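Enquirer: Coordinates for the following, if possible.
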Amino acid sequence: MTTAITAEEAKTIEINPVIVGNLAAFVAAVMPIAQQMMRGDVVEALIKHTDNVITATAIGACVPRDRLDASGTDALAILAARVMEVNADFFARRLLPELTQVAGRIGATFSDPSIVALTTGLSASQQPESTTAA
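Expert: I've put the predicted structure just below:
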């Protein structure tokens, strides 16, 4: 028989950032929720994607899904908030800035005339002149 997580236990479970091995499943669970929330529909996001909330919470809290399924909504709410708080910090402060820097470097690389020539088959002298506003 599966033991439910109590609200008191949910407050004491150690929450760490999601490990690499669980990252793909965690992101897959979180993305539909995040997309809906970005449209300003927080309540609808949680209602429409309840299974995703439970999955992301189980992954982020490193608890078996069946234990979370057997628990009350208070335990889910506590754990979900804690998981999102710990992992939002990682995504917002570490991963997003790193990806932004990489995207900038990639963009700069692909705007280099020699790279453009390689990818388009045009020599640098055949490239259209860039127009910049004065």
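Enquirer: low pLDDT regions in this protein?
Expert: Scanning the chain for pLDDT under 70 picks out the ranges 93-99, 102, 108-134.
Enquirer: could you pull out the helices for it?
Expert: 7-12, 20-38, 42-48, 50-61, 65-69, 73-90, 96-111, 113-120 (DSSP state H).
Enquirer: between the ones you listed, which one is nearest to residue 1?
Expert: Among the helices of the chain, helix 65-69 comes nearest to residue 1, with 10.2 Å by Cβ to Cβ. For the C-beta atoms, the positions are set from N, CA and C on the backbone; glycine is no exception.
Enquirer: which other residues reach the closest one?
Expert: 2-5, 54-55, 57-58, 61, 75-76, 79 (Cβ atoms under 8 Å, 6 or more residues apart in numbering).
Enquirer: Output those residues in JSON lines; the columns should cover neighbour count.
Expert: Shown next, in JSON lines, are those (neighbours: other Cβ atoms under 10 Å):
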{"residue": "2", "neighbour count": "12"}
{"residue": "3", "neighbour count": "11"}
{"residue": "4", "neighbour count": "14"}
{"residue": "5", "neighbour count": "24"}
{"residue": "54", "neighbour count": "18"}
{"residue": "55", "neighbour count": "18"}
{"residue": "57", "neighbour count": "27"}
{"residue": "58", "neighbour count": "25"}
{"residue": "61", "neighbour count": "25"}
{"residue": "75", "neighbour count": "24"}
{"residue": "76", "neighbour count": "21"}
{"residue": "79", "neighbour count": "26"}
